[in-house]
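Trainee: Let's see this in three dimensions:
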Amino acid sequence: MDFPQKLRTLFSPRSKSYKDMVELLAQRRAARILVVDDNPDTMMLMRELLQIRGYDVVAVPDASHAEAEIRHQLPDLILSDVVMPGKSGYEFCRELKENPSTRLIPFVLITGLSDREDKLHGIEAGADDFLNKPIFAEELFARVKSLLKLKEFTDELESAESVLCTLGLSVESRDPYTEGHCERLAQNASNLGRHLGLDEEAIVALRRGGYLHDLGKIAVPDEILKKGSNLTPEEWEVMKQHPITGENICRPLKSLRLILPIIRHHHEHTDGSGYPDGLRKRDIPLLPRVLQVVDVYDALRTARPYKPALSHDQSAITMREEARAGLWDEELVGEFFSMLEKRQVA
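Mentor: Now for the predicted structure:
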């Protein structure tokens, strides 16, 4: 079995190593449930029922108190009344689901309303489930258990992604001249994504792509990786495989589907001279082209054994010339330096 195949086996969700890794990373603690209800009796009943089952329960009377609790510590599940003083349960749910840091928290609306329109409002707000009043213990336990299982699965995916990002940083650490490269790429790529008006999913993909784009270099021997320049044709063929290797490592995680094109295509050139697929112009997906621009800038600004670091102005001149020659997306290069100028002025 070759090294990339071993890595694919290791990071397959079906493999024992993968499951053991996730289990070791997962914090073994009681699930934290946030109950939001302005009725003291209902609030006390749910808190006591859930505490009997071993859950860590925090109960508050309205959305503003709930928001303070969320800022203090993210819950694993939220059970919220609909009709409350101040912000309604619909509004509270909608705001959390629009926030990238809280949208994956399962949200249950608790209501005495039975009208179909009320349920539709809840669905439109992003609610994951509903509980009707009066609350029956068996139904409460069943819904809580089901949604916490879903949350646990989501957390496991995030843990696996964290491991892969750590592996990406370990690749970076093999070369002392690239220290901080992944962090800078993640920051600059996500900033450029915002500057271009991309949606939040794309911005998150760009940030993760900053850490994972060169993950496949984990299979490149040190004597090739650290050589830097003047690779032999055979060594160059080994180096050109790293985007494919990185894509294969990350493919088992469906949550990384938007990052896969970044990993595979960030070394393509608009004139078709790049690798691994020789794509041209707009055949190269947008996100790899975005990351490529910030990657080239960072490489030019960083000293290497075979070249000095360029100044910002020198890098801008070089990148614009190379873009006109057909290496990079000329429009994105212009947008990148426009963004940097605006940030400098700010």
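Trainee: elements contacting the strand or helix carrying E152?
Mentor: E152 is part of helix 137-173 when elements are defined by DSSP states H and E. Other elements packing on helix 137-173 under the criterion 3 or more Cβ pairs under 8 Å, 6 or more residues apart in numbering; DSSP states H and E are helix 16-25, helix 40-52, strand 77-81, strand 107-111, strand 129-132, helix 181-195, helix 200-212. C-beta coordinates here come from the backbone N, C-alpha and C atoms, glycine included.
Trainee: Quick check: next helix or strand after the third one?
Mentor: Along the chain past strand 77-81, the next helix or strand (assigned with DSSP H and E) turns out to be helix 89-98.
Trainee: low-confidence ranges in the stretch 51-200 of the chain?
Mentor: Within the stretch 51-200 of the chain, the segments meeting pLDDT under 70 span 113-115, 156-161, 175-177.
Trainee: returning to that earlier point: just want the angle from the helix holding E152 to strand 77-81.
Mentor: Counting by axes from the mean of the first three to the mean of the last three Cα atoms, to 10 degrees, helix 137-173 lies at 140 degrees to strand 77-81.
Trainee: secondary structure element for L120?
Mentor: Using DSSP H and E, L120 sits within helix 116-125.
Trainee: what comes into contact with that helix?
Mentor: If you take Cβ atoms under 8 Å, 6 or more residues apart in numbering as the criterion, helix 116-125 is touched by V82, G89, Y90, E91, C93, R94, K97, L109, T111, F130.
Trainee: Also stretch 130-145?
Mentor: The contact list for stretch 130-145, computed with Cβ under 8 Å, 6+ apart, reads 33, 42, 45-46, 49-50, 53, 55, 77, 79, 108-112, 114, 119, 122, 129.
Trainee: Now, of the residues you listed, which are buried?
Mentor: Using 16 or more other Cβ atoms under 10 Å as the burial test, the contacts of stretch 130-145 include 33, 42, 45-46, 49-50, 55, 77, 79, 108-111, 119, 122, 129 as buried.
Trainee: Which residue of this protein lies farthest from its centroid?
Mentor: Within the chain, the residue lying farthest from the chain centre (Cα atoms, centre = their mean) is D41, at 40.0 Å.
Trainee: Any figure for the gap between it and E138?
Mentor: As judged by Cβ to Cβ, to the nearest Å, D41 and E138 stand 19 Å apart.
Trainee: Next one: T270 from D56, what distance?
Mentor: Taking Cβ to Cβ as the measure, T270 falls 53 Å from D56.
Trainee: That should have said E247, apologies.
Mentor: 40 Å.
Trainee: which one of those two has more residues nearby?
Mentor: E247 (21 against 15; other Cβ atoms under 10 Å).
Trainee: Need the mean per-residue confidence for the helix or strand containing that one.
Mentor: Following DSSP H and E, the helix or strand that holds E247 is helix 242-250. What helix 242-250 shows for mean pLDDT is 92.
Trainee: Tell me the helix or strand right after it.
Mentor: helix 260-265.
Trainee: What residues of the helix or strand following that next one count as buried?
Mentor: Toward the C-terminus, helix 260-265 is succeeded by helix 286-301 as the next helix or strand (DSSP H and E). Of the residues in helix 286-301, 286-300 count as buried by neighbour count, 16+ other Cβ under 10 Å.
Trainee: on that earlier part again, quick check: the farthest pair among the buried ones among the contacts of stretch 130-145?
Mentor: Greatest spatial distance among these (Cβ to Cβ): Y55 and K119, at 25.8 Å.
Trainee: quick one: the residue nearest to A325 when sequence neighbours are not counted from V220, how far?
Mentor: In this structure, A325 finds its nearest non-sequential neighbour in D271, 7.6 Å apart by Cβ to Cβ, 6 or more residues apart in numbering. Counting by Cβ to Cβ, the gap between D271 and V220 amounts to 25 Å.
Trainee: which residues does the spatially most central residue of the chain contact?
Mentor: The centre of the chain sits closest to V204, judged by Cα atoms, centre = their mean, with a distance of 4.8 Å. V204 makes contact with P100, S190, L258 under the criterion Cβ under 8 Å, 6+ apart.
Trainee: I'd say the first one and A202 touch.
Mentor: Meaning P100. No: if you go by Cβ atoms under 8 Å, P100 and A202 don't touch, sitting 11.9 Å apart.
Trainee: Just want to know which of those two has more residues nearby.
Mentor: A202 (19 against 11).
Trainee: With L300 as the reference, measure out to the more buried one.
Mentor: According to Cβ to Cβ, A202 and L300 sit 25 Å apart.
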